[in-house]
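K.L.:
model this:
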Amino acid sequence: MKKGSPLLILIIAFVIVAGVSLLPLSRLTDGRVKDFSLFSDILKEVSVIEGEPSYSEAESIDPELVKAQEEDDNKDNISGIIAQTDSVSVQKIDTIISPVKPSRVGELVCVEDYTTMGVGFANLKSSLNGGSVTRIAVVGDSYIEGDIFTQDLREMFQDEYGGSGVGYVNMHSDFPGFRRSVKQGGSGWRIFMSNKKADRKYLGLSEQYAMPKGNALSTYKGSSACRHNKSWDRSRFLFISPDDITISVKTDVQDWEERNITGSESVQCVEVTGPVSEFGIKTSSPSLIGLGVWLDGESGVSLDCMSSRGFSGITLSRIDTGLCHEMSSFIDYDLIILEFGINAMSAKQRNYSVYASRMVDVINHVRQCYPHSDILLMGIGDRGERRGAQVKSMATAVAMIDAQRDAARRAHCLFWDTREAMGGEDAVVQWSSTGLMNKDYIHLTHKGGGRLAKELFNAIQHDLK
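P.N.:
Below is the predicted model of the structure:
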């Protein structure tokens, strides 16, 4: 190889760039220069090519939370000016209870009960003993995207108590092949979410709705990848349509059938009963607001996965109470699990009091929307960061978990320390080295989701027995 040849120049350039990608640039420059990894960028592109989501966006703080923090800072500044000019000194009362260590039974990390009178899973337990369908919603961020963790939690509940189907599925997915528990297809929908230009009166627990932008189609097919999800007994499409419209439905045992709908501002439901393994809907009515599809059994447990990438959870305080009450006549919940936090933390921030206060508001608001539901707040899972050549737990993870536990105390709901259940400090090292966590050191693999789901299922079962 001749000196100065293009191939030699390329090899030298690659070695230099690869070497730079191994340097802890963020730490060396006090955060002014972000860490760069040639290899992770290459892998990221491969992930996109294979149709799986890239998780780079999830590493940023939710813009809605940034706004909330700025609002809180402004209030503090105004309060400070008033305090300086007021002759009467008012002492601020701290209502946050000091954090405590999570309770254990052997190796089991238990659910911490901060409910009023210690009622725990009263609604869930009553429903499981009642013989009707018991419904659980897991509402979270990209940590559960693609039904990771929730598909295994659903399977365990259905193994124990019966049930079939995947429950809630949205009208459209950008990564339909990523989710293994249902085969989803379709086109022609405009998606509205609570962090974008959406009409608040149409925002329910999933924090999204869809409207046709022409001929809109959604199809769902059962999957044998998960037990109990190959077929189901009830197929329901919830929607609002102010105008008279036509919706067509189809299953694997019935060809397309038109349903003529009378216009109404209230929530309506198109339902197909009987065992099926496929369900489809289509419409071209531009005024229709699609709230989602639910594929359930006639009995046992149904568990909904409602994930919103990049969310911190605080926008749940905006969901419409009246809409949720209307939807609950078709789809009500006995347990709502809130999984958030990764989009509310950073490597340097250690004070999450604003986030804790906003989550107290969220929990109280969700309780108003679904008054017959138990509420469980999950702490964040262990998250890693590079320190030189090593990966360690993010130093601010404990501060976030303390804030989440305090939020659960103040809102009087249940709490589960996810990170402790994973193994606590530096659990990310073991989980990432054994294929349980992705190389972003944040998100779980399908295998890791199954492992974590077992921990939570056992913790809930411990309280139900």
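K.L.:
ok, the most centrally placed residue in the chain - contacts?
P.N.:
By C-alpha atoms, centre = their mean, the mean C-alpha position of the chain lies nearest to residue 140, the distance being 1.6 Å. Residue 140 makes contact with 306, 307, 308, 313, 337, 338, 339, 340, 378, according to C-beta atoms under 8 Å, 6 or more residues apart in numbering. All C-beta atoms are positioned from the backbone trio N, CA, C, and that covers glycine.
K.L.:
Low-confidence ranges, the stretch 101-250 of the chain, go.
P.N.:
101-102 (pLDDT under 70).
K.L.:
All the strands of it, residue numbers only.
P.N.:
Ranges of strands in the stretch 101-250 of the chain, per DSSP state E, counting those that start in this stretch, are 104-105, 108-109, 112-113, 134-140, 167-169, 182-193, 208-222, 232-241, 245-251.
K.L.:
Make a markdown table out of those and add distance to residue 151.
P.N.:
Supplementary listing: the strands of the stretch 101-250 of the chain in a markdown table, determined by distance: least, C-beta to C-beta, whole Å:
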| stretch | distance to residue 151 |
| --- | --- |
| strand 104-105 | 26 |
| strand 108-109 | 21 |
| strand 112-113 | 25 |
| strand 134-140 | 10 |
| strand 167-169 | 11 |
| strand 182-193 | 9 |
| strand 208-222 | 13 |
| strand 232-241 | 14 |
| strand 245-251 | 22 |
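K.L.:
Looking at the ones you listed, which is nearest to residue 296?
P.N.:
The stretch from these with the least distance to residue 296 (C-beta to C-beta) is strand 232-241; that distance is 4.8 Å.
K.L.:
Show me what the closest one pairs with in its sheet, parallel or antiparallel.
P.N.:
Sheet neighbours of strand 232-241, with direction, are listed as strand 264-276 (antiparallel), strand 289-296 (antiparallel) (DSSP bridges).
K.L.:
Distance to residue 395 added to those strands, as JSON lines?
P.N.:
Written out in JSON lines, the entries for these read as follows (distance: least, C-beta to C-beta, whole Å):
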{"stretch": "strand 264-276", "distance to residue 395": "46"}
{"stretch": "strand 289-296", "distance to residue 395": "39"}
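K.L.:
So which of the ones you listed is nearest residue 213?
P.N.:
Per C-beta to C-beta, nearest to residue 213 of the strands paired with strand 232-241: strand 289-296, 11.6 Å.
K.L.:
how far is that closest one from where the chain is centred?
P.N.:
Between the mean C-alpha point of strand 289-296 and the mean C-alpha point of its chain there is a distance of 17 Å (C-alpha atoms, centre = their mean, to the nearest Å).
K.L.:
what residues does that strand touch?
P.N.:
Counting by C-beta under 8 Å, 6+ apart, strand 289-296 makes contact with 133, 163-171, 182, 189, 202, 204, 206, 209-212, 216, 218, 220, 232-241, 267, 279, 281, 302, 304, 327, 330-331, all of which sit outside it.
K.L.:
of these, buried ones?
P.N.:
For these, a neighbour count by 16 or more other C-beta atoms under 10 Å gives the buried set as 133, 163-171, 182, 189, 202, 204, 206, 209-212, 216, 218, 220, 232-241, 267, 279, 281, 302, 304, 327, 331.
K.L.:
returning to what we had before: what's the ChimeraX line that selects buried ones from the contacts of residue 140?
P.N.:
Here is the ChimeraX command that selects only those of the contacts of residue 140 that count as buried (16+ other C-beta under 10 Å):
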select :306,307,308,313,337,338,339,340,378
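K.L.:
what sits against the closest residue to residue 191 other than its chain neighbours?
P.N.:
What sits nearest to residue 191 in space, not counting adjacent residues and going by C-beta to C-beta, 6 or more residues apart in numbering, is residue 210, at 5.3 Å. With contact taken as C-beta under 8 Å, 6+ apart, residue 210 is in contact with 170, 171, 172, 189, 190, 191, 192, 216, 289, 290.
K.L.:
Would you mind giving the residues you listed as TSV with distance to residue 321 added?
P.N.:
Shown next, in TSV, are the contacts of residue 210 (distance: C-beta to C-beta, whole Å):
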residue	distance to residue 321
170	21
171	23
172	26
189	26
190	25
191	23
192	19
216	28
289	17
290	20
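K.L.:
re earlier: find the residue closest to the residue nearest to the centre of the chain in space, skipping its chain neighbours.
P.N.:
Here the nearest residue to residue 140 in space, its sequence neighbours aside, is residue 339; by C-beta to C-beta, 6+ apart that works out to 3.2 Å.
K.L.:
separation between the one you found and residue 317?
P.N.:
The spacing between residue 339 and residue 317, counted by C-beta to C-beta, to the nearest Å, is 16 Å.
K.L.:
Next, the buried residues of stretch 349-364.
P.N.:
With burial defined by 16+ other C-beta under 10 Å, the residues of stretch 349-364 counted as buried are 352, 354, 355, 356, 357, 358, 359, 360, 362, 363.
K.L.:
for stretch 110-123, same thing?
P.N.:
For stretch 110-123, the buried set under the neighbour-count rule, 16+ other C-beta under 10 Å, comprises 110, 111, 112, 113, 114, 115, 120, 121, 123.
K.L.:
do stretch 219-229 as well
P.N.:
Taking 16+ other C-beta under 10 Å as the criterion, stretch 219-229 shows 219, 220, 221, 222, 223, 226, 228, 229 as buried.
K.L.:
ok, and what's touching that stretch?
P.N.:
With C-beta under 8 Å, 6+ apart as the test, stretch 219-229 has contacts from 151, 154-155, 158-159, 163-166, 169, 180-186, 230-232, 235, 277-280, 293, 295, 297.
K.L.:
hang on, the earlier thing: is the residue nearest to residue 191 in a bridge, and if so with what?
P.N.:
When residue 210 is checked against DSSP bridges, its beta-bridge partners turn out to be residue 191, residue 290.
K.L.:
before we move on, what about residue 376?
P.N.:
In this structure, residue 376 has beta-bridge partners residue 337, residue 414, where bridges are defined by DSSP bridges.
K.L.:
How many residues are close by residue 183?
P.N.:
Residues near residue 183, counting by other C-beta atoms under 10 Å, number 17.
K.L.:
now it: how far from residue 222?
P.N.:
Taking C-beta to C-beta as the criterion, residue 183 is separated from residue 222 by 7 Å.
K.L.:
can you check residue 211 too?
P.N.:
From residue 211 across to residue 222, the span is 27 Å (C-beta to C-beta).
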